[in-house]
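Undergrad: Sharing a model that was predicted from the sequence below.
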Amino acid sequence: MTEHPRPPSVDKLARALSNSGLPHPICVDIARSAIEAGDPESAMSRAVDYQRTLLTPVVNATGVLLHTNLGRAPIAHQQLPVASTVEFDLATGERGSRQLAVGQLFARLCGAEAALVVNNNAAAVLLVVAALAAGRDVPVSRGESVEIGGSFRVPEVIEQSGARLVDVGTTNRTRLADYQQAVARRDVDAAIVLKVHPSNYRVEGFVEETSISNLATLEVPVVADVGSGLIDATCPWIKGAPPAWLAGEPAVVQSLAAGADLVTFSGDKLLGGPQAGIIVGRRELVELCQRHPLARALRPGGLVLSALQETALAYLRKDVVTVIPFWHMVATPVGELEERANSIVAAVEASHPSAEALPTNALPGAGSAPGVTMSSYGVVVDGDHLESLRGHLKPVIARSRDQHTTLDLRAVTPADDAILIEALLASS
């Protein structure tokens, strides 16, 4: 009879995985799975596979600056492990408002009377509609009754808020008269009019939409969901004219100036901060939102508030390009990207003779400025190397088409060029 070697004990194999960096209970689970599969030698590779299911830093070489799957706006934020005045008033020594610190900064930044922060923009829209229109009607253009990423559907959000959606106009053309007729109907009890930025799609051709300034002539408050978080269309934090790809993108300052009573937007898109939803506008309406029971359920924690505070201060100081990575990426000259691409090609051409430095088109991403691109530069090599690049010690996320792999440099920091070189050499 042939004797089979006895498998190692679960505890012994788990301890052999200690250098994986995983906690011992996880190592025990992995060791047990490997032994039960009759393959204890696979334990370390299983540990590596498990490690890669955790949140992992990657190099974003996709050319999509605000990549939803990669966390949208990259931010650098550090907070010391100390107590903070999240809800403490230093002047009185009593409980303070969680919204005061960041709210006052965003109100000042946007030219609004007041501001409120929740955990994302979908939550901001939900809270506004619930606080201002529960049990009543909300006219929305059919062309703006959209579904945005993550199954965020405007009709469903309005339904969950307790309000009733009233469709206005048509998919491609909605005029002021359409809103006027909806508000005047006897069977409609309009509480607000909601204008939604379509975000991730664009209708072109025979189209017409109603501006905020025209909607402001109605007898009900106008709520504008501008979504992408562009604070000011003039971009006063960068040198020269605003980037051409921002043309037509709705901005918070201009939406308020046009007559919107409330504006909602995201923190982790064009703003360049952490995930958050921000509500700015008339004080009495913001306060109604703040007093609503949902406000507590949707409020952000101290880490988000602290990161948002630093983001707002950067805008007020006008050192955005230096402090906020997204805007630093945007401001990087194409010539600088081309030089870096040529350096990478020179470093990998022995193993990748097909490597070329070529102009590319990068995207803002995350539904911001849909359908537009910005000039960029990247490295293109023959073959589909996506899996190999993802398997690098620090994964590189690129894009592939027609058996060509492109590593766009617009969203890659210069410090990570060496990682791209290592990953490409390993993929040859």
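TA: Noted; the coordinates are in hand.

Undergrad: in which helix or strand would I find V381?
TA: strand 374-382 (DSSP states H and E).

Undergrad: Which elements pack onto the strand or helix carrying D225?
TA: Using DSSP H and E, the element containing D225 is strand 222-227. Counting contacts by 3 or more CB pairs under 8 Å, 6 or more residues apart in numbering; DSSP states H and E, strand 222-227 packs against helix 121-133, strand 193-196, helix 212-215, helix 252-257, strand 262-266. Heads up, the C-betas are built off the backbone N, CA and C, glycines and all.

Undergrad: What mean pLDDT does the second one get?
TA: Taken as a whole, strand 193-196 carries a mean pLDDT of 94.

Undergrad: Repeat that for the last one.
TA: Averaged over strand 262-266, pLDDT sits at 97.

Undergrad: quick one: contacts for the residue nearest to V226 when sequence neighbours are not counted?
TA: Excluding the flanking residues, the one nearest V226 by CB to CB, 6 or more residues apart in numbering is P250, at 4.3 Å. For P250, the contact set (CB atoms under 8 Å, 6 or more residues apart in numbering) comprises H197, A224, V226, G227, S228, L230.

Undergrad: let's go with 10 Å and repeat that
TA: Each residue near P250 by CB atoms under 10 Å, 6 or more residues apart in numbering is listed here: 195, 197, 212, 224-228, 230, 233, 258, 260, 263, 265.

Undergrad: circling back to that earlier point, list the neighbouring strands of the strand holding V381 plus their orientation.
TA: Strand pairing for strand 374-382, using DSSP bridges, gives strand 356-362 (antiparallel), strand 404-408 (antiparallel).

Undergrad: I'd like to know the average pLDDT value across the longest one.
TA: When pLDDT is averaged along strand 356-362, the result is 96.

Undergrad: Ok, stretch 27-43 next?
TA: Rounded mean pLDDT across stretch 27-43 is 95.

Undergrad: Could you do stretch 322-338 as well?
TA: pLDDT averaged over stretch 322-338 gives 96.

Undergrad: Over to that stretch now: how far is its first residue from its last?
TA: 21 Å (CA to CA, to the nearest Å).

Undergrad: Pull the contacting residues for the residue nearest to R136 when sequence neighbours are not counted.
TA: Spatial nearest neighbour of R136, excluding adjacent residues (CB to CB, 6+ apart): A191 at 3.8 Å. By CB under 10 Å, 6+ apart, the contact list for A191 reads 129, 131-139, 163-164, 220-221, 223.

Undergrad: Ok, G21 next?
TA: Applying CB under 10 Å, 6+ apart, the residues contacting G21 are C27, A47, Q51.

Undergrad: Redo the strands paired with strand 374-382 as JSON lines? Include distance to F106.
TA: Listed next are the strands paired with strand 374-382 as JSON lines, based on distance: least, CB to CB, whole Å:
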{"stretch": "strand 356-362", "distance to F106": "28"}
{"stretch": "strand 404-408", "distance to F106": "32"}
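
Undergrad: winner for burial among the ones you listed?
TA: Comparing the strands paired with strand 374-382 by mean neighbour count (mean count of other CB atoms under 10 Å), strand 404-408 ranks first with a mean of 23.

Undergrad: that older thread, how far away is the residue nearest to V226 from L285?
TA: Distance, P250 to L285, by CB to CB, to the nearest Å: 19 Å.

Undergrad: do you know which of the helices and strands packed on strand 222-227 lies nearest A426?
TA: strand 262-266 (36.4 Å; CB to CB).

Undergrad: Can you list the helices and strands that the next helix or strand after the closest one packs against?
TA: Next along the chain after strand 262-266, taking DSSP H and E as the criterion, comes strand 277-281. Where contact means 3 or more CB pairs under 10 Å, 6 or more residues apart in numbering; DSSP states H and E, strand 277-281 is packed against helix 100-110, strand 114-118, helix 121-133, strand 222-227, helix 252-257, strand 262-266, helix 283-291.

Undergrad: and the angle from strand 277-281 to strand 262-266?
TA: For strand 277-281 against strand 262-266, the angle between stretch directions is 160 degrees (axes from the mean of the first three to the mean of the last three CA atoms, to 10 degrees).

Undergrad: Offset the numbering so it begins at 890, please.
TA: Fine by me, first position is 890 from now on; the one you just mentioned is strand 1166-1170.

Undergrad: orientation of strand 1166-1170 relative to helix 1010-1022 in degrees?
TA: Going by the same axes, to 10 degrees, strand 1166-1170 makes 40 degrees with helix 1010-1022.
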